[in-house]
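Colleague: take a look and give me a structure for this.
(one chain, ligands or ions: 1)
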Amino acid sequence: MPYGDVVSRWGQRRLAALLARSVARDALPPSLIFSGPAGAGMRDMAVAVAQSINCLTPTGEDDARDACGTCASCTRIARGVHPDVVIVEPDEKGRVNIEQIRNVVDRAGFRPFEARRRVIVIDDADTMLGPAQSALLKVLEEPPPSSIFILVTTRPDMLLPTVQSRCPRLRFQAAEREPIDEEARAIARDVLAQAAATDDAGRRIDAAKDLLAKTGAGGRTDREQLASHLQAMAALLRDVEVLSTGANAEVLANADVRPDLDRLTKSFGGDRGVRAFAAVDTALAALDRNAGVKVVADWLVLNL
Ligand SMILES: [Zn+2]
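Modeller: Numbering: from 1, shown residues only. Presented below is the predicted three-dimensional model:
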């Protein structure tokens with residue numbers, strides 16, 4: 001999950017930018033605490049950090065560098081099978097236990113197998129009892145240069161003061177999403193429905209005109225206008241993906257139009273949705289590069 005996806009799902013734009021910048025400048029501290037309420041996207045952000053460090057084909061440049069989300073390294077990290085990216089979770093008793101900590105501390109002493117830097121995420125770090133925290137403290141005091149520890153917690157005060165003092169803390173707010181532009185969303189939804197209804201190129205090109213329609217408070221350029229419609233479309237397609245994979249519906253950005261989402265999921269669930277999402281992404285990138293707005297809109301409706 002690249003930073004871009006974390007932001008569209010959870011907000012946290014400021015923290016994502018900070019982390020992206022730190023990674024790009026190779027200035028990330030060796031240990032960090034991510035603290036905040038449940039459902040703030042902390043664990044996803046930790047995965048984004050691991051991907052952005054180890055992506056084989058990063059996108060964007062300099063401080064805006066982000067993981068591609070699709071290379072071998074990114075996909076293995078996302079699936080939890082990368083040998084150098086470890087996510088430690090509470091055991092069946094609900095605690096991250098001392099054996100788990102000893103295991104990752106031992107591993108941290110070796111060079112990564114293939115990663116640039118090993119990333120060890122300890123989820124629900126506050127469930128560690130004192131001895132486990134003390135075992136972890138040893139490695140936090142002398143962090144091996146090739147490893148980064150991220151402690152994710154909703155209750156940072158349960159961590160020993162000595163642990164807290166070793167790890168700069170990033171505070172996450174409850175997920176705040178970009179305000180939804182309802183007009184833009186209505187247009188995006190209609191264009192998707194139209195694309196689902198017909199393969200006829202002419203009728204689809206008609207739908208492209210809607211993408212160029214004026215909405216919102218005005219004062220936008222055609223380019224900004226189209227971009228806002230495409231962003232709304234991307235958010236809808238992301239929700240469709242959530243629904244079609246049976247993921248937790250709490251993360252839906254457009255939960256208020258659930259019946260529409262369910263309808264779209266019938267057409268865009270699975271491969272087609274992923275391809276459509278990629279097409280929207282490509283269209284947004286083309287707009288950034290100053291491609292003509294009509295060309296981009298026409299191309300997109302033919303590729304949904
Ligand atoms: Zn990648």
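Colleague: the nearest residue to L129 once chain neighbours are set aside: neighbour count?
Modeller: Nearest residue to L129 in three dimensions, chain neighbours excluded: R95, at 6.5 Å (Cβ to Cβ, 6 or more residues apart in numbering). (Glycine included, C-beta is placed from N, CA and C.) For R95, the neighbour count with other Cβ atoms under 10 Å is 15.
Colleague: again with G202
Modeller: 7.
Colleague: repeat for A38
Modeller: Residues near A38, counting by other Cβ under 10 Å: 8.
Colleague: just the pLDDT for the residue nearest to A125 when sequence neighbours are not counted.
Modeller: Distances taken as Cβ to Cβ, 6+ apart put L151 closest to A125, at 3.8 Å, once the chain neighbours are dropped. On the pLDDT scale, L151 is placed at 98.
Colleague: neighbouring strands for whichever strand or helix holds L151, and are they parallel or not?
Modeller: In the assignment (DSSP states H and E), L151 maps to strand 147-153. Strand 147-153 pairs in its sheet with strand 31-35 (parallel), strand 118-122 (parallel), by DSSP bridges.
Colleague: would JSON lines of those strands with mean neighbour count be doable?
Modeller: Below are the strands paired with strand 147-153 laid out as JSON lines (neighbours: other Cβ atoms under 10 Å):
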{"stretch": "strand 31-35", "mean neighbour count": "23"}
{"stretch": "strand 118-122", "mean neighbour count": "26"}
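Colleague: what's the first helix or strand after the helix ranked longest in the chain?
Modeller: Longest helix of the chain, by residue count under DSSP state H: helix 222-244. In the C-terminal direction, the helix or strand that comes right after helix 222-244 (DSSP H and E) is helix 258-268.
Colleague: go through that next one and flag the buried ones.
Modeller: Buried residues in helix 258-268, defined by neighbour count with 16 or more other Cβ atoms under 10 Å: D260, L261, R263, L264, T265, S267, F268.
Colleague: could you give the mean pLDDT of that helix?
Modeller: Here the average pLDDT along helix 258-268 is 94.
Colleague: show me what that helix is packed up against.
Modeller: On a contact count with 3 or more Cβ pairs under 8 Å, 6 or more residues apart in numbering; DSSP states H and E, helix 258-268 meets helix 182-197, helix 222-244.
Colleague: format the ones you listed as TSV; extra columns: mean neighbour count, mean pLDDT and distance to the ion.
Modeller: TSV is the format used below for these (neighbours: other Cβ atoms under 10 Å; pLDDT from 0 to 100; distance: least, Cβ to the ion, whole Å):
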stretch	mean neighbour count	mean pLDDT	distance to the ion
helix 182-197	19	93	27
helix 222-244	21	90	18
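Colleague: closest to V121 out of these?
Modeller: Closest approach to V121 among the helices and strands packed on helix 258-268 (Cβ to Cβ): helix 222-244, 21.9 Å.
Colleague: CA atoms only: put that closest one into CSV for me.
Modeller: The C-alpha trace of helix 222-244 is given here as CSV (Å, rounded to 0.1, in the frame of the first residue of the first chain):
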residue,chain,number,x,y,z
ASP,A,222,-10.8,22.4,-17.4
ARG,A,223,-7.8,20.4,-16.3
GLU,A,224,-8.6,20.8,-12.6
GLN,A,225,-12.2,20.0,-13.3
LEU,A,226,-11.4,16.8,-15.1
ALA,A,227,-8.9,15.9,-12.3
SER,A,228,-11.5,16.3,-9.6
HIS,A,229,-13.9,14.0,-11.5
LEU,A,230,-11.1,11.4,-12.0
GLN,A,231,-10.2,11.6,-8.3
ALA,A,232,-13.8,10.9,-7.4
MET,A,233,-13.8,8.0,-9.8
ALA,A,234,-10.6,6.6,-8.3
ALA,A,235,-12.2,6.8,-4.8
LEU,A,236,-15.3,4.9,-6.0
LEU,A,237,-13.2,2.2,-7.7
ARG,A,238,-11.1,1.8,-4.6
ASP,A,239,-14.3,1.2,-2.6
VAL,A,240,-15.5,-1.3,-5.2
GLU,A,241,-12.2,-3.1,-4.7
VAL,A,242,-12.8,-3.1,-0.9
LEU,A,243,-16.3,-4.6,-1.4
SER,A,244,-15.3,-7.1,-4.0
